[in-house]
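[1] Fold the following, please.
(2 chains)
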Amino acid sequence: GEDVEQSLFLSVREGDSSVINCTYTDSSSTYLYWYKQEPGAGLQLLTYIFSNMDMKQDQRLTVLLNKKDKHLSLRIADTQTGDSAIYFCAGRSGGSYIPTFGRGTSLIVHP
Amino acid sequence: DTAVSQTPKYLVTQMGNDKSIKCEQNLGHDTMYWYKQDSKKFLKIMFSYNNKELIINETVPNRFSPKSPDKAHLNLHINSLELGDSAVYFCASSQGTSNSPLHFGNGTRLTVT
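    Next up, the predicted model:
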């Protein structure tokens, strides 16, 4: 099955860019997702990318996919304190319709 | 509002009790899921239903019994609660079983004392 790995913590200054990284193991992964979890809340879908794309941009969010290295990243431009949350990477391979989630990266934004 | 809604939001109970968590989605999705999130935020799939039929049943104790009366509902009943059942339980839904992303409820925090 799919394994998804993320670093656990990232601390940035308000206004800087944040880059959250994720690696996955299943090269047949067709869809890769980024979710955001604020304290006490559920997971909110931020964006997703198909495996036939290298990049996707949505306002302050940029997703980069390196299929050769099985590496996915989420860049948040002009990071704000409201971006402080846990960010989960998830992959869905062709062989399983259950997405596998990474352990989440806690993003801390300080003034 | 279109959403996945779970009740209750908080559940505090004693060991040995039986409890239920309800989930409803009005997104018109045909697939629903239960995930367990532990204290380290790790998300583990428990069950998945597609069109009211059980599709996935991970290695979950049979004290946990999901029930799907229709496509819009997936309830979770837990018998003989144990301390290790304390966690946040998330319901989610998606359209189909291949590409569509999951939409999550806000979770039920279960505390067993």
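[2] The helix or strand hosting B:Ile21 near chain A anywhere?
    Here B:Ile21 is covered by strand B:19-25, with elements defined by DSSP states H and E. No - contact between strand B:19-25 and chain A is absent, the nearest approach being 11.2 Å (criterion: CB under 8 Å from any CB of the partner chain). In short, each C-beta sits where N, CA and C put it, glycine included.
[3] Listing partners with orientation, what would you give for whatever helix or strand comes next after that strand?
    Using DSSP H and E, the helix or strand that follows strand B:19-25 in sequence is strand B:31-37. Partners of strand B:31-37 in the sheet, by DSSP bridges, are strand B:43-50 (antiparallel), strand B:87-94 (antiparallel).
[4] For the first one, give me every contacting residue.
    This points to strand B:43-50. By CB atoms under 8 Å, 6 or more residues apart in numbering or on different chains, the residues outside strand B:43-50 that reach it are A:43, A:88, A:97-98, A:101, B:30-38, B:54-58, B:60, B:64, B:66, B:68, B:74, B:76, B:90, B:97.
[5] where does chain A come near chain B, residue by residue?
    So chain A meets chain B at A:30-31, A:33, A:35, A:37, A:40-45, A:48, A:86, A:88, A:92, A:97-99, A:101, A:103-104 (CB under 8 Å from any CB).
[6] Give the PyMOL command for selecting the buried subset of the residues you listed.
    To isolate the buried ones among the residues of chain A next to chain B in PyMOL, judged by 16 or more other CB atoms under 10 Å in any protein chain shown, type:
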select buried, chain A and resi 31+33+35+37+42+43+48+86+88+92+97+98+99+101+103+104
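[7] Inside strands: which ones of the residues of chain A next to chain B?
    In strands, defined here by DSSP state E, the members of the residues of chain A next to chain B are A:30-31, A:33, A:35, A:37, A:43-45, A:48, A:86, A:88, A:92, A:101.
[8] which residue is nearest the centroid of chain B?
    In chain B, the C-alpha nearest the mean C-alpha coordinate belongs to B:Trp34, at 3.1 Å (CA atoms, centre = their mean).
[9] Looks like that one contacts B:Ser93 (just checking).
    No - assessed by CB atoms under 8 Å, B:Trp34 is found out of contact with B:Ser93, at 10.8 Å.
[10] before we move on, the earlier item: what's opposite the residue nearest to the centre of chain B in the beta bridge?
    Bridge pairing for B:Trp34 - DSSP bridges - gives B:Phe47, B:Cys91.
[11] With A:Gly91 instead?
    A:Leu32, A:Thr100.
[12] Show the contacting residues for it.
    By CB under 8 Å, 6+ apart, A:Gly91 lies in contact with A:Glu2, A:Val4, A:Tyr24, A:Asp26, A:Ser29, A:Tyr31, A:Leu32, A:Tyr33, A:Pro99, A:Thr100.
[13] quick revisit: pipe the strands paired with strand B:31-37 into JSON lines and attach mean pLDDT and mean neighbour count per row.
    Converted to JSON lines, the strands paired with strand B:31-37 look like this (pLDDT from 0 to 100; neighbours: other CB atoms under 10 Å in any protein chain shown):
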{"stretch": "strand B:43-50", "mean pLDDT": "90", "mean neighbour count": "20"}
{"stretch": "strand B:87-94", "mean pLDDT": "96", "mean neighbour count": "24"}
